[in-house]
Each structure stands twice: as C-alpha cells, then as structure tokens.
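Student: Generate coordinates for the sequence data below:
(2 chains)
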Amino acid sequence: MARISQIEGNFQFRERSQWWSVTMLSVCVHFPGLTESVIAAACSRVGQSVLHLDRRNYYAGNWASFTFNGLLSWIEQYKQEVPITELEQVWRSLIDEGEDAVPLSALDSSISNLEVFCYARLHEVSEPKEDQHTSDISEPSQSQEEKESQLSSSPADPTVEVQKKITYQKLVKEGRRFNIDLVSKLMYSRGALVDLLIKSNVSRYAEFKNIGRILTYRNGKVEQVPCSRADVFASKQLTVVEKRMLMKFLTFCLDFEQHPEEYQDYTEKPFREFLKNKKLTENLQHFILHSIAMVTQHTLTEEGLKATQHFLRCLGRYGNTPFLFPLYGLGEIPQCFCRMCAVFGGIYCLRHSVECLVVDKVSNKVKAVIDTRGQRISCSHFVVEDSYIRDEQRQSTAYRQISRAVLITDRSVLPSESDQQISMVTIPPLESSAPAVRMVELCSSSMTCMPGTYLVHLTCSSSGKAQEDLAPVISQLFHVSTIPGEEPSEVLWVMYFNMRDTSALDSSSYSLPSNVHVCTGPDDSLCSDYSIKLAESVFHHILPDEEFCPPAPNPEDIIYDGDGPQAKGPGFDESTNTECLESSQE
Amino acid sequence: MHGRVKIKSTAQQEEEKRKEKEKKLKAFVSARDAVLKKRSAGEHDEEALQLTRQLLSSNPDFATLWNYRREVLLHLETLREKDEVQKLYESELHFIEACLKVNPKSYGCWHHRTWVNTRLPQPDWTRELGLCDRCLSLDERNFHCWDYRRVVVKASGVSVEQELQFTDRLIGSNFSNYSSWHYRSTLLPQLHPQPAPDSAPNTSPSPTTSPQFHSHRVCEEQLLKEYELSHNAFFTDPNDQSAWFYYRWLLGRGVCVCVCLELLCICEDTSAHPMLCVCVCVYVCVCVCVCVCVAEREEMISCVYVSREGERVSVAFSKPVHAQSEGLMLVLDGQPQQVEWRSTHPRLRHSPVWLCDLPPGSISDMSNEHNLTIHWTEKHTHRDCALYTGCAESWCRDSATNLELFRSELSVEKSSVLQAELQSCNQLLELEPQNKWCLLTIILLMRALDPLGHEKETLAHFQTLKEVDPMRSTYYSDLCSKFLIENTILKMEYAEVRVFSLSNKNLTTLCHLDQLLFVTHINLSSNQLLRLPPHFAMLQCLEVLEADDNAIENLEGLYHLPKLEEVSLRNNQICKLSDLESLASCTKLTRLDLRGNPVHRTAHIESELSQLLPRVTALSL
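Tutor: Reported below is the predicted structural model:
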C-alpha cells in the first residue's frame, strides 16, 4: 500500500469544474478488485483517463491482504458495518432533466458467517495454575458475549490461553509480518495471469516464490504427490512399474490431442473411468484425479485431460511444480496493476465512493456519477464490482458461496528437510457429498507470516457455512485441541468466513445501462484466469480497437514533453489554479 | 491519439545502443593497449591490477590479462605482510566471482581461482564448496565447476560419504546428469569396496590381477541399492541415457569387466574410468570390442601351435601385442633359437597372433620328438608345447570354453542377481516394447547369463533394435555378428571339431578370428560380409574357405595362409584383378571359384589369372 500512496501523492485531484475544462474522464472504476485493477491499468496504459474510487481505506476489496492487526480491524469492521445514511437529497439536486439516477448499494454483503477462534495462549504464562484455566471459545457453553470479546480480540482478555510457545500476544506484536489474503489462489506458471504480468511488464512490480511441493490427503495421512520427473524418480510410495505407468500417462496427456484414438470412447464418460480403463493403480488414479487434474469425480474425460495437460505444461517453467505465489501475498497483484495504472495517469481515491449513477434517459447510458461528497463526475464508462449493485438492478440473485478458512499454525502439515516451502494440498471430499478442499500452506519466507509460523488457507465451494465445511477437514489434518490445555495445538488461530462467488453471473444478470460494466468477484478456482479473462473482455468492450496491456516501456525510453513534470503523467495537462480535493494517503 | 505516453522508436533506441557500444569498444581498446604496454615495461603495481580488473570484468576470457595479474600478485606478495596477502587474495576471489557471473564457463576465471586458492595463506574451502554448489544449481553440467569442485574437495578433505550424499541430492533434483552419476561411480568403490576375493578359490594359474581391477568393484549389498536407484531412473524415463550408462557400469562390475579393462588397455591411460569406457564402447563401433574378451584374462600366452610341414610356430596372446618389443624367446629342446617374429599380416602392428619360422630342418623329421617353450620375459610367463613323434602338428592352448571368454566368471549368487535384473528389464520391456536401451541391456544380460540358451531371443531383440533405432542398425548388426560368432565358437569347441560354419546369419563383420587358429574348414556363405579383413590371416590352418553369396570386395586377409587349398567366392563383389593379388601368397591354393563376380568382365581375365595364380588348376569364372 505504501507504494501506491507514494504515487498518489504526485497527483492532484481537481474540482469538478476544472476537471471538465481539462479533459473528459473516460473510465471510472469503482471498488478495485483484481479484475477492476487490470481493466483500469489496461485503460490507463492506452491513454484513457481513469478515476479509481473505493469506499474502503485499503486496496483490492475482497482481493486484499492484511497484516494480522489489519485483519483484526477488518473483522471488527465486518461486525460493526452499518449502512451509511444516504444523502439522497444532496444528489437529487444534481440530477438534471432527462436524466435518471440509479443508486448504488452502500452495504457490502459479500462476506458472511465470519467466525474466529483462538487456540494460542494469550501471554507467556509463568504461574502453573493458569495453565489449567481454560476458556476456549469453541466450548459450547460459551456465551455470545464472550465470543464477541474474543472476536474483537482485545489483548487484555485474560481468559484465552492454550499451552503454546507462540502466544496470541506475540501474534499481535508481530502482526505486521503477516499478509493474510482474503482470497487464496496460486498462479499457474503458464496461466493467463502470469502471461499478462509478463506481457505488460507489470511483473517488475512484484517478486514471486515457487510452490515447493504438492501434497494430498489420502488414507488418513498427508503425502507428497509425485508430479514432476524428479518427484517420480524420488518417490518412495510408487513401485517402479507405477512410475513408468504414471510417466507414460502424463506424457500422453501432454499432447493427448494427437492421439484421439486413446480417449475417444470416453469423451462422454467421466475422466475417472478413463483412468480406470487405463489400468492405472489406485495410487495413481488418486494422484492424477485429485492432485494433478484437480477435477471432480464427475468431470468428463476431455476436460480432465485438458486440466492435466495444463498442469504439466506449467511444470518446469519456474520450478518443479506448476505454481508461483507472489511474495507478500496475492493482494500484491491488484496493487501492481494499480501501480501501473497510476504510472500512466490513473487517479486513486480511497474512502470515497459513488452514491449513484446518472443515466441519460434517451440513450440509456451513464453520463456521470455522483460521489459521497455530492460531486458530479462525468464519465463515459463505469466499471463496478458486483457487490455495489442493488437488488433492484438484478435479474437473478442466485449466488454460489466460497467457504474459506485461514489458519495460523506453528508447524508444517508435513514436516520435511526444508521448513521454508510453500505447499499446496489437495484434499478429496471426505464424504461423497462434501466438496473437495484446496489448502495452501505458506511459509514465513513467502513474507506472509512471522517466522516460526505457517499461514494456511483452505478454500472450497460452499455447501453450508464455512465452519461446517472446513472444520472437519482441519480436525483431520491438524491437532486442534477440543479441550484446551490438555494437548498442545498446532493451530494457533482460525478464521472462517464465506465469500460470495458471483462468477457465474454475466451482463445478462443485471438491468443496467450498457456502459456500466459489472465485474464479478473472485471465483472458487485455484487460479485467477477467470478474472483476467473477464478483465480482457470488459476492456475490449470499452475499447474494441485497443491492445490489451501492451508492454509498458522502460522508464528511460519515455519522452517527456518539454517542461512537463514527469510524474504528472499523460492525460492531465498543467492547469494553473487547481485545488487539491483530497489526497487519500494515510 | 492524445494522452499517450510517447516512447522512443526502435531506430532511436538502436542508434543509442550503437553509440554506447562504440564508446565501450574505444574504452576497452585503449585500456587494453595501456595494460599490454605496462606489462612489456615490466610494471607490477596496483594500477596494473586496477586496469586488468576493468578489462576482465567485461571480458573474463582474456587469458593474457590473467597471466599478467598473476605476475603482479606474485610480485605484490613479496612486498606485503601475511595478513595483507590474505586480504589481497580474498579480494581477488571476490573479483573472480564477479567475472564468473559474466561468463560461468570461462577457462581463465576457473583456472585463476584454483591458482589463487593455492596462494591463499588460509583458504576458506567451505566458501568455495558453497560457490560450487551455487554454480551447479544454476547449471548442473558446468564441467568447469565440476573440475574446480574436485580440486576443492581434494584440498579440503570432504568425506566420501558427504560427497555421495551430494550426488544423491543432484541426482534427485535431475537424474539426467552424467556428471553426478559418473562422480558417484568413482565414490562408491571407495566407500563400499568389494571385499578382497581371497576367500574365493582362484584356480587361475597366475592371480596377478591388476590393482585397479578390484578397486573399481563395489560390494554386493551396495550394488543392489544402486540397481534400485537406476531402476527408478529408467522406469521414470527409459529414454534417458545417463541412468542406463550408469546401470551398464554397475552390471559391468560383474559382467562386462572385460570391456572396461580392454578399453583401459587401449587408452593406456589408467585415469580413464571404467564407466567412461562403457560409454565409449556403446558409441565406438565393434572394432573396439573385437578383442574385448581376450582382455578379460590375465596377460598371457593363450596358445602355441607348431607345424612340422611349414616348420612354423604360431603363438596367440590374450591381447594384441607388439611381439618384437615384448621380449619373446623361443626355446627348442633346451636351445634358445634366433627367430624372426612377424604378425600374420603386415598391416597388423599389434596383433594377438604372431608367427615365426624355425631354422630349416630343425623339426621336419617325423621320428623326432621336440619340446618347445615360448617365454614372454616381460610378463614373466611362458608356455610349453610338445611335438610328439609321428605328429604333423601340435598345439597347447586354453580354449574359449575353458576360459569362459564370452561370459564372465559369475558365482551362483551373482547370476541370481543378474537373473533378477533381467526380470526387471523384461518388466520394463513389456511396458516399453520399443525402448532401445532396455532391449540392449536385456541382450547383454542374456549373454552374461547363458549365451547359447538365449540365442533365439537375443536375435529377435536385435531385430527389434534395428527397427526402432535404424540410425544405429549397422552397430547392432556388428554386435549381433560378434555374438553369433562367439556362440558358434562355443558350439564348435563343445563339439571338438575344427569346422567353423556360420552361413546365412546376416553377419556383417568378422571378429574373434584369433580364436579360430585351428579351424580347417570355414563356411561363411550367405552373409553380408564386405571384406575378409587382415585378421583373417590368423587362420593358419585353414584349408577350405566358402564365402559365397556375400558382398566381399576385398580379400586382404587371404594372405600367406600356408594350407589354404580351396576358395569359393561365388556371387561376391570382386571387381579388379588386383583384389586377387593377395591370393598369390597362398602357395597351396589350387581351386578357386569366382563365378558371379564383376571381375569376370575384365579383359583377358583367364590368362591374367593363370599368370597371377599359376598353381590354381580348377578355376571357375
């Protein structure tokens, strides 16, 4: 965040009148998640003026990443969030004749069922009697109030403690070392996001770490999935014949299109049956289905083959697994695009949101927006996140949900020689009705947690509340003390929540003017390709003749016009008496 | 379009780059001239270091500059305190590191680094090992680094065990790495040597096994682990050669020792490592392997043959030798004889078979009994041969069967291990019927286990090999010919006959001819032979040669065969009269069949031939 605000400082925010006299605002982006950031960067890159508004005081919305303390205040905010009183009178007066106002929702309801549990001892305890004193919030007898106090996690609460080396106090004290993402995704090394980062030169704003190993949960224990050539060679679980069968199958998958005779009888049948038919052993079927293709029991053969192929093509580009993870968390990625947007003149404004859209009755197009301060800002396109759309503008209100859990643990789920590996764990459905769970364990060298801890993200598509979906998995994989104090818990802290998954919606789901582009939030898949593809399609909708994120030039290759200061960026000429509206730096 | 960032055009950028380059070049050239001038002026000062530093950091491959630097450093060393020298050389190491980043494969850099470490009062070997590890993690096949690492390991005394773990790690991260496998093959015999073979009853008359022979063997327990490791590699990727070579080396401990030793002999370079030799063996054609089996034995005289009629002695050795320089001595009935040793063909300077003529009349009388001894003074070995009354000829020899020339001496346990290995390979072949490495290894295992029993399967595998790997079909044909000849020799010896028949077997080459010293009749019809090589002249007892239906165009090997009477060469490719010239040296030749050869088209062929070979009475053209 520091990076962005630095850039912001170089921009001046003009008052409406001046604004108009200078240039026409092309795109107004509201609530910048990954998709919105990419669209903003792409528009800004080709010379469109972009205004980026967010009612929050942090970037990236549901794609954000928080320090531990930041997360605690986010939790608090979630608990307290109340609709801001509408300033209808104010904006009513700004609507001219022949115009309609479409108000936006002020309440973000994309997060639900948030619950927090702490298993870490609060303080270093010296007196033994306190060791017996337990008050874990997972105890059924616990009152709601106590729970609340736990959730607000006041460090003064003396009741929370479990025998642990790392105390809750320590987590809070070292909170700045955490970068906890609300969305947990990895980057396929040949996925759309990595391609875009490279193509657009945005990659220069971030650093990445390889995922070190791929694990799976099978027969009650966590084991490593042999996926690369080196893994297969070194694997102790596989017999030599299995090794050959696996390598042979994987080699076939790499160019399965060339051998249609091998799978054409199975195109209508599940991938699982195809694997069985290939005479692969149980071991191998599990590895391929759940950990390599990462598909369900019902996925059709061709899709399964494609997924396997994609996985394999990503292997070896940057390491022995197909995945990368950005240092400091996934929240870095939207920020990188924001930075690129800002470099090319995009303007950012936090804690500043749009109240309503001004729609021209004749053309049925948005011509301006009115912000929370009662200013009218003209724009030719408006990009907004789904959660800002009121139900009145929706054709359908059916969403899916994503169940998420965030854990802080003090040891790896599968300790190995190196304690600084990022692990991706696939957990097949524990029961046939349950969803498959994806787990990512981040080590401290990924700059997402303090040394000595691991940050574990669990994600699945919801069948119920996040806790109901994920708690059984957590109890299988980790020692979680049900009776605190009796047994040391690996898990120090857990947060569950559900996030709305609107990825199934498209433009036909909303009744909105055609120049309003609704971006759906994060989906439940492992990679971000969906959001990138969406951004590209929105961009081409806004600017059909422009290239999507062409490579950004090197700074030394940019020619600056005569006396124009460099940081002003293109699109905004010098103007003498500009008044600083507000700089949104903290 | 307004509002866009203006960027420099490619032409502008290139122009800028060009100018930059020009500037750099100018600076480089002037600095270089200054340095060379300083050197010729004999100046050894700090400035020289500074200047060479600038030049080398942009071009670390400038060997002269490194030399100059060493001169300067040696000079400065004499002027400074020990602490300062340490500092001087440490900064040199840092500098080299920077140069290695420019070119990690610069000969000059690595050499200089080795040198600096020898000059350094207190070298920090741990740091150097770390550097090697870093370098190898970036490029695991950087042989400069491997070489340097060996120096470091030697100097710092890293334990063999640690080094073995190091190869474990490298192989684990990528097993397509000859360097690591090869390194492993040098470490294992040190760490897990085979127990001394004293306990095993050694019936061989001269147990003078060369020391390097046994130091390359690995104990059986460890061997089994290594087999497993290579299984893992070639089951994972059967098309990767490195693991197969390693596997061949492992098997070679029991089976193909002859190959290794033979090559060691040929290279005459004891530093050449067996595993390397195996690799060479696969690529170098069969001519290298021709004498393979001879080499397995001790260096000895394998056979002495004497014939009254020609008053001639033939001696066969276990490997090709140069008799004139080997100190051979012939003792006849207690009297040392002055004889002239010659190889069977003037083109063979090193040959396993040597001949000499005894003084006229010394043994020609049938009623006398003679005792002949050949002394090989250099090797302190000798061989006796008795020529009894009434016998026209006599010999004394070790047969190929007795010496198990074509398979190694395997104990029962070992052959059960090989049997298990054969099973593993067959399992892989079932999954990968087209894999050439697997096929070839199976063939070799079968040969080691039971060459005659597996003959049919071996031939079938060779057929598949030629189909799946047509690029090397000639190599496979030659190898197959060799195995067939070996098998035929075995069969012949079991049957105790002097007739060698190998027709219609697709032979492409002839080998083991030194084993055919006593053969009187040879049938090579219907093969694909192109020539009768000089080695063919070793068949000193040959009377009848049948080689119809081949593609022979060269008869070099039919040279001074004293007993050759009949030669049939129908349907071959003999074109010129001159090709037949060598036949003139076979004084007993009376029957010659040359039907179906292009040579019959030559003008006046009959008269020319009768002039060339006046003794031939039955000539078919």
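Student: mind checking which helix or strand of chain A has the lowest mean pLDDT?
Tutor: When each helix and strand of chain A is scored by mean pLDDT, DSSP states H and E, helix A:16-22 comes last, with a mean of 32.
Student: I'd like to know how many residues surround the closest residue to residue A:68 other than its chain neighbours.
Tutor: Nearest-residue entry for residue A:68: residue A:175, 3.4 Å, with adjacent residues in sequence omitted and distances by C-beta to C-beta, 6 or more residues apart in numbering or on different chains. Any C-beta I mention is one placed from the backbone N, CA and C, and that applies to glycine too. The local packing of residue A:175 (other C-beta atoms under 10 Å in any protein chain shown) involves 17 other residues.
Student: Which residues lie in contact with residue A:175 in this structure?
Tutor: Applying C-beta atoms under 8 Å, 6 or more residues apart in numbering or on different chains, we find residue A:175 in contact with A:67, A:68, A:69, A:70, A:72.
Student: go with 6 Å
Tutor: A:67, A:68, A:69 (C-beta atoms under 6 Å, 6 or more residues apart in numbering or on different chains).
Student: so where is the chain shaky, pLDDT-wise?
Tutor: Here I'm looking at chain A. Applying pLDDT under 70 to chain A flags the ranges A:1-26, A:28, A:30-32, A:59, A:81-90, A:123-164, A:481-489, A:560-586.
Student: should've been chain B
Tutor: Applying pLDDT under 70 to chain B picks out residues B:1-5, B:196-216, B:253-298, B:400-414.
Student: residues in it within reach of chain A, list them.
Tutor: B:3-8, B:172-173, B:175, B:231-233, B:235-236, B:431 (C-beta under 6 Å from any C-beta of the partner chain).
Student: if we go to 10 Å?
Tutor: Neighbours of chain A within chain B, by C-beta under 10 Å from any C-beta of the partner chain: B:1-10, B:12-13, B:16, B:168, B:171-176, B:228-229, B:231-240, B:243, B:424, B:427-428, B:430-432.
Student: Show me the residues you listed that map onto strands.
Tutor: Taking DSSP state E as the definition of strands, the residues of chain B next to chain A contribute B:6, B:7.
Student: Could you pick out the longest helix of chain B?
Tutor: For chain B, the helix that runs over the most residues, judged by DSSP state H, is helix B:10-40.
Student: Report the closest residue of the stretch 251-400 of chain B relative to chain A.
Tutor: residue B:251 (16.8 Å; C-beta to the nearest C-beta).
Student: Which helix or strand contains that residue?
Tutor: Residue B:251 is part of helix B:241-252 when elements are defined by DSSP states H and E.
Student: Quick check: buried residues in that helix?
Tutor: B:242, B:243, B:244, B:245, B:246, B:247, B:248, B:249, B:250, B:251, B:252 (16 or more other C-beta atoms under 10 Å in any protein chain shown).
Student: nearest residue to the second one other than its sequence neighbours?
Tutor: Computed as C-beta to C-beta, 6+ apart, the closest residue to residue B:243 that is not its neighbour in sequence is residue B:233, at 3.4 Å.
Student: which residues does residue A:245 contact?
Tutor: A:238, A:239, A:278, A:279, A:280, A:281, A:283, A:284, B:235, B:431 (C-beta atoms under 10 Å, 6 or more residues apart in numbering or on different chains).
Student: Return a PyMOL selection command for the buried portion of the residues you listed.
Tutor: To isolate the buried members of those in PyMOL, using 16+ other C-beta under 10 Å:
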select buried, (chain A and resi 238+278+280+283+284) or (chain B and resi 235+431)
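Student: Turn the contacts of residue A:245 into a markdown table, including secondary structure.
Tutor: Output for these, formatted as a markdown table (DSSP: H, G, I helix; E, B strand; the rest coil):
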| residue | secondary structure |
| --- | --- |
| A:238 | coil |
| A:239 | coil |
| A:278 | coil |
| A:279 | coil |
| A:280 | coil |
| A:281 | coil |
| A:283 | helix |
| A:284 | helix |
| B:235 | helix |
| B:431 | helix |
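Student: Point me to the residue of the stretch 301-450 of chain B nearest chain A.
Tutor: Nearest residue of the stretch 301-450 of chain B to chain A (C-beta to the nearest C-beta) works out as residue B:431 at 4.9 Å.
Student: Contact partners for the nearest residue to that residue once chain neighbours are set aside?
Tutor: Distances taken as C-beta to C-beta, 6+ apart place residue A:244 nearest to residue B:431, at 4.9 Å, with adjacent residues excluded. Neighbouring residues of residue A:244 by C-beta under 10 Å, 6+ apart: A:232, A:238, B:231, B:234-238, B:427-428, B:430-432.
Student: For residue B:103, grab phi and psi.
Tutor: Here is the backbone geometry of residue B:103 (degrees, to the nearest 10): phi -140, psi 100.
Student: What strand or helix carries the closest residue to it other than its chain neighbours?
Tutor: Of all residues not flanking residue B:103 in the chain, residue B:60 sits nearest, at 5.1 Å (C-beta to C-beta, 6+ apart). Residue B:60 belongs to no helix or strand when assigned by DSSP H and E.
Student: which residue ranges form the strands in the stretch 501-621 of chain B?
Tutor: B:521-523, B:544-546, B:566-568, B:591-593, B:618-620 (DSSP state E, counting those that start in this stretch).
Student: so what secondary structure elements neighbour the second one?
Tutor: Read that as strand B:544-546. In terms of contacts (3 or more C-beta pairs under 10 Å, 6 or more residues apart in numbering or on different chains; DSSP states H and E), strand B:544-546 is packed against strand B:521-523, strand B:566-568.
Student: Which neighbours in the sheet does it have, and how are they oriented?
Tutor: Strand pairing for strand B:544-546, using DSSP bridges, gives strand B:521-523 (parallel), strand B:566-568 (parallel).
Student: Let's have these in JSON lines, adding mean neighbour count.
Tutor: As requested, the strands paired with strand B:544-546 are exported to JSON lines (neighbours: other C-beta atoms under 10 Å in any protein chain shown):
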{"stretch": "strand B:521-523", "mean neighbour count": "19"}
{"stretch": "strand B:566-568", "mean neighbour count": "20"}
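Student: Quick one: these as a markdown table, columns for distance to residue B:609 too.
Tutor: Listed next are the strands paired with strand B:544-546 as a markdown table, based on distance: least, C-beta to C-beta, whole Å:
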| stretch | distance to residue B:609 |
| --- | --- |
| strand B:521-523 | 23 |
| strand B:566-568 | 13 |
